[in-house]
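>>> Need a 3D model of the sequence below.
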Amino acid sequence: MIKAVFFDVDGTLVSFKTHRVPQSTLEAIKKLQAKGIKVFVATGRHPSILTEGNNVHEIDFDGFVTLNGQYCFTKNRKVIYENNICREDIVALLEFLKKNRFPCAFVEDRDTYMNYIDDVVVNLLKSVNVPLPPIEDIERAKDGKVFQLNPYIPVEFEAEVMKVLPNCEATRWSPTFIDVIPAGGGKHVAIQKIMEYYGYKKDEIMAFGDGGNDKTMLMTAGIGIAMGNANEDVKEIADYVTTSVDNDGVLNALKHFNVIE
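Numbering: from 1, shown residues only. Prediction:
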């Protein structure tokens, strides 16, 4: 019996075309909660921009997995798990950025800031309908808790950047930037922490996703669902591939597994 369902946001709950959660998804989630099934968001987004540019606020989540699993809390803001990037890697990246110029976002628990913004950043954030973060002195990162980094770099430059961050790992759902988190981290780790907190078993968990940063989450869940619009590598590891976010994908999968009628 399914007791909890985890949902990625962009491309899973929220359409890239409309920047909205489809009505069919909203209704399906209400049916889940009416049956006593808890609903969690599992996103790379910062908590402060979770509902920016969309209607995600219409969902009354029971818990939050944010920053690709590095910062997780209940609906009452009780922190269940947090995991920040070590200071050694932050200092090394700051030095690297002095000689190699590319946009990079530094994501802390309360806010996000960048060293500078170019057209690549503008276009990417426009595609997910979220505001541009402020430009600040990134030296502040030495003294803060940075849970995630977002270097805006092409695929061919990724390996060189990651050499500077030996205690981190990267996932990519866009050709223009990567999500950098502590090594061994990810949405799956946060889900495991939530499972421990609530006493869930693997076969009581279902997860939905579409991007590379969702793969470990789908593999951790008892049932991992890839959206029809998901990357091919995500579809390959999923237990089931549903229709796209714009074609009632969430509703169709929940009905397919008889979680709701």
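>>> Strands of the stretch 51-200 of the chain, start to end?
For the stretch 51-200 of the chain, applying DSSP state E, counting those that start in this stretch gives strands covering 63-66, 71-74, 79-82, 104-108, 112-114, 146-151, 168-174, 177-182.
>>> weakest of these in terms of mean pLDDT?
Note on these: strand 168-174 shows the lowest mean pLDDT, a mean of 88.
>>> Dump the C-alpha coordinates for stretch 102-110 into CSV.
Provided in CSV are the C-alpha atoms of stretch 102-110 (Å, rounded to 0.1, in the frame of the first residue of the first chain):
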residue,chain,number,x,y,z
PHE,A,102,31.4,31.8,-15.8
PRO,A,103,28.1,32.5,-14.0
CYS,A,104,27.6,30.6,-10.8
ALA,A,105,24.8,30.6,-8.3
PHE,A,106,25.4,30.0,-4.6
VAL,A,107,22.4,28.5,-2.8
GLU,A,108,22.1,28.9,0.9
ASP,A,109,19.1,28.0,3.2
ARG,A,110,17.6,31.4,3.0
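>>> The worst-scoring helix or strand of the chain on mean pLDDT pairs with which strands, and in what direction?
Least confident element among the helices and strands of the chain, by mean pLDDT, DSSP states H and E: strand 168-174 (a mean of 88). Strand pairing for strand 168-174, using DSSP bridges, gives strand 177-182 (antiparallel).
>>> residue farthest from the centroid of the protein?
residue 99 (29.8 Å; CA atoms, centre = their mean).
>>> Just the pLDDT at residue 39, thanks.
98.
>>> Correct me if wrong, but it is in a strand.
Yes - under DSSP: H, G, I helix; E, B strand; the rest coil, residue 39 falls within a strand.
>>> Show me what it bridges to in the sheet.
residue 5.
>>> Check whether it really touches residue 65, as I assumed.
No - counting by CB atoms under 8 Å, residue 39 sits too far from residue 65 to count as a contact (11.6 Å). Every C-beta, even on glycine, is put in place using the N, C-alpha and C of the backbone.
>>> between the two, who's got more neighbours?
residue 65 (31 against 18; other CB atoms under 10 Å).
>>> Next, find the distance separating residue 249 from residue 236.
In this view, residue 249 and residue 236 are 17 Å apart by CB to CB, to the nearest Å.
>>> With neighbour numbers in mind, choose between these two.
residue 249 (29 against 11).
>>> so how far is residue 10 from the more buried one?
Taking CB to CB, one finds residue 249 at 14 Å from residue 10.
>>> Also residue 25?
Counting by CB to CB, the gap from residue 25 to residue 10 is 13 Å.
>>> Show me which positions of stretch 78-98 end up buried.
For stretch 78-98, a neighbour-count test (16 or more other CB atoms under 10 Å) marks 80-85, 89-90, 92-94, 96-97 as buried.
>>> Give me the residues contacting stretch 166-173.
11, 44, 68, 85-86, 88-89, 149, 155, 158, 162, 178-186, 210-213, 215, 231 (CB atoms under 8 Å, 6 or more residues apart in numbering).
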